[in-house]
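1. Provided below for reference: sequence and predicted model.
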Amino acid sequence: MKIIKSIFLIAFLYNVSMLYAQHADIIIANGKISTLDEKNSEVQALAISANRILRTGTNEQILKLKGKKTKVIDAKGKRVIPGLFDSHMHMIRAGRFYNSELRWDGVKSIKRALEMLKEQSQRTPNGQWVRVVGGWNEYQFEEKRLPTIEEINEATGNVPTFILYLYGKAWLNQAGLKALNITANIDNPSEGLIQRDINGNPTGLLVAEPNAFILYSTLAKLPNLTKVEELNSTIQFMSEMNRLGVTGVMDAGGGFQNFPDDYSITGELSKQGKITVRLPYFLFAQKKGSEFEDYKKWIGMIELHAEKPTNKVDYHAAGGGENIVGDAADFENFLFPRPELTPVMEFQLERVIRLLIKNRWPFRLHATYNESISRFLDVIERVDKESPLDGLVWLVDHAETVSEENLQRIKLLGGGVAIQHRMAYQGEIFVQRYGKKLALNSPPVKRMLELGIPVGLGTDGTRVASYNLWVALYWITTGKTIGGNQIMAKENVLDRTTALRLATHKGYELIKEEKKGKIAKGYFADLVILEKDYFAVSDDQIKNITSQLTIVDGKIVFANNEYSNYAPTPLPVIPSWSPVKYYGGYQNN
């Protein structure tokens, strides 16, 4: 017995000694570190070993883990948080086009927006276009108005130009109309309107009537970047996300984003170990009428639950959606009435839902309106009776007008909800169409949380709302739009800690990914040293928070200002005329 006790004692002392013998690769000290653990602890310091959090605690406790090769970073009293996770964004598509786009996100006046448009027109070469693709509205501008087609033509001259406004409309300048051969003789497409003057000549305004097909199909006709430029563009966009403190994105597919061809850029970067944002992605069937065949093919191609490499940042298929079938598309364009889904929608959707559940594929459904959600839930409930969901991940995206009854149904079926800051960009036009009362709880996020429904926060960037997740945190904690108008009821907004949880570990919990989104022992080392303290700044300043240093999977992927010496060497932006080279991404001017 004494021998056995001695063995146990030796083993115990050995383990203790090994714990203190293990040196950290990175130590961050002197911080205000929000762990977001169960106790909502705030600590001074943390240690990272490989790609995991080794320990958190006081400076004294953590500095004991310093070795000869340990990198010690002084947070200088700054706020440190887990890396942000956007639970709904179109990052793969956005990355391919980022370097070609002029971003008006955050621009504060029409005057400055038009200056940028003119400057970019002067540097854009023959054969390319100037394009502004989402992330803005008129209420962010001091002038509180949209640009006119006359102003756009004057600023851009003979350089073809495309400007997208929400899901509602887009402008082509005269050079753009000519390049696409849009004349008085051309008919309206079956799904859209070309505005004309009294002589029948196109004015340059394209209207999403009844849906956004005319906008996206026109955008798809514009020239692409080369493969080398798309690789660079995607790297630049990931760096922009890291600059904003984002370390993970759940990609929701998207229109005109075809698998596998349009995933080759991120696939190649993943093989090269150059992905700097965790990137689980959902597959979005593109061709109306053949969705069942597409999903059947993809299920045969992809093993969702295969063991993932431990030495690379996550990049893997996570399921199907956000649009499962074309007949179930209830896109939101609050400039026009809610679309009525076709009578055959249930038949088309049920076939695919049965297939996904049978093969244990998680799925997500684009559902803005309660009327659509009711019909979707009818289908899911019917399938569940014969092929139980049994804990399978599934979620509703958007859910702005979801009812109490349907929230109860989602809860009973074990579903989740991914909400985004679309009302921060479309709140005013929502009120103009549906009234103030309905807007007060659109979406009813507090009620979702009261019911215990898993909820994640995201942006739905980049073609309508901006990709800046800090705007989402501003919106959900204030109820205000980017124009500063109080649209959501103050009783429905969240405190800053709860909101931050939805933008970190709660987002990962939507898809049942563990050990992510907190600063706690054993969790993946994804974290951010913030430029401004999220918990101390005024409401308006939340929108403009950025990172000073971002770590993903235990590696420093972005650093700025006093931490610049820790930063990886930035990749030069190509092509040379890229707006990103001159303006960057999200603006603050």
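-> Received, thanks.

2. any low-confidence regions in the stretch 451-589 of the chain?
-> Within the stretch 451-589 of the chain, no stretch falls below the threshold (pLDDT under 70).

3. please enumerate the helices of it.
-> In the stretch 451-589 of the chain, helices defined by DSSP state H, counting those that start in this stretch lie at 469-478, 496-502, 505-510, 539-542, 579-583, listed in chain order.

4. now do the stretch 251-400 of the chain
-> Secondary structure of the stretch 251-400 of the chain (DSSP H, counting those that start in this stretch): helices at 264-271, 291-301, 345-358, 370-386.

5. quick one: low-confidence ranges for the stretch 101-250 of the chain?
-> Counting by pLDDT under 70, the stretch 101-250 of the chain contains no low-confidence segment.

6. report the contact partners of the most centrally placed residue in the chain.
-> With distances taken as CA atoms, centre = their mean, the chain has M89 as the residue nearest its mean C-alpha position (2.8 Å). Contacts for M89 were tallied using CB atoms under 8 Å, 6 or more residues apart in numbering; they are V249, M250, D251, A252, G458, T459, D460, G461, T462, Y467. Using the backbone N, CA and C atoms, a C-beta is placed for each residue, glycine as well.

7. run through the bridge partners of it.
-> Bridge pairing for M89 (DSSP bridges) gives the partners D251.

8. can you put the contacts of M89 in a markdown table and add distance to I28 and neighbour count?
-> Below are the contacts of M89 laid out as a markdown table (distance: CB to CB, whole Å; neighbours: other CB atoms under 10 Å):
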| residue | distance to I28 | neighbour count |
| --- | --- | --- |
| V249 | 24 | 30 |
| M250 | 26 | 27 |
| D251 | 29 | 28 |
| A252 | 32 | 28 |
| G458 | 27 | 29 |
| T459 | 27 | 30 |
| D460 | 32 | 28 |
| G461 | 29 | 27 |
| T462 | 31 | 27 |
| Y467 | 26 | 30 |
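
9. in strands, which of the residues you listed fall?
-> Counted as lying in strands by DSSP state E, out of the contacts of M89, are V249, M250, D251, G458.

10. doesn't A317 make contact with the second one?
-> Spelled out, that is M250. No - contact criterion CB atoms under 8 Å: M250 and A317 do not qualify, at 11.7 Å.

11. now the strands: where do they sit in the stretch 1-150 of the chain?
-> For the stretch 1-150 of the chain, strands defined by DSSP state E, counting those that start in this stretch occupy the ranges 26-29, 32-34, 42-43, 45-49, 52-57, 71-74, 79-82, 84-89, 130-133.

12. what's the closest of the helices of the stretch 251-400 of the chain to I186?
-> Of all these, it is helix 291-301 that lies closest to I186, at 30.1 Å by CB to CB.

13. and the contacts of the closest one?
-> With contacts defined as CB under 8 Å, 6+ apart, helix 291-301 is touched by 259-260, 283, 285-287, 317, 320, 324-326, 348, 351-352, 355-356, 359, 361.

14. if we use 10 Å, what do you get?
-> Surrounding helix 291-301, the residues in contact under the criterion CB atoms under 10 Å, 6 or more residues apart in numbering are 258-260, 283-287, 290, 304, 317, 320, 323-328, 348-349, 351-356, 358-361, 363.

15. widest-spaced pair of the ones in strands among the contacts of M89?
-> Within those (distances taken as CB to CB), the two that end up farthest apart are D251 and G458, at 10.4 Å.

16. between those two, what contacts are shared?
-> Shared contacts of D251 and G458, defined by CB under 10 Å, 6+ apart, are found at D86, H88, M89.

17. and those residues as JSON lines, adding pLDDT?
-> Output for the shared contacts of D251 and G458, formatted as JSON lines (pLDDT from 0 to 100):
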{"residue": "D86", "pLDDT": "98"}
{"residue": "H88", "pLDDT": "98"}
{"residue": "M89", "pLDDT": "98"}
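
18. which of these lies closest to K221?
-> The closest of the shared contacts of D251 and G458, once distances to K221 are taken by CB to CB, is M89, at 24.2 Å.

19. so G585 sits against G135, correct?
-> Yes - contact criterion CB atoms under 10 Å: G585 and G135 qualify, at 9.1 Å.

20. just to revisit the earlier point, closest to L392 out of the strands of the stretch 1-150 of the chain?
-> For the strands of the stretch 1-150 of the chain, the distance to L392 is smallest for strand 84-89, at 17.4 Å, taking CB to CB.

21. how far off helix 469-478 does that closest one point, in degrees?
-> 90 degrees (axes from the mean of the first three to the mean of the last three CA atoms, to 10 degrees).

22. A175: what's it in contact with?
-> With contact set as CB under 10 Å, 6+ apart, A175 has these partners: S121, W129, V130, N153, T156, G157, N158, V159, P160, T161, G204.

23. top of these by neighbour count?
-> Top of those by neighbour number is V130, holding 29 neighbours under the definition other CB atoms under 10 Å.
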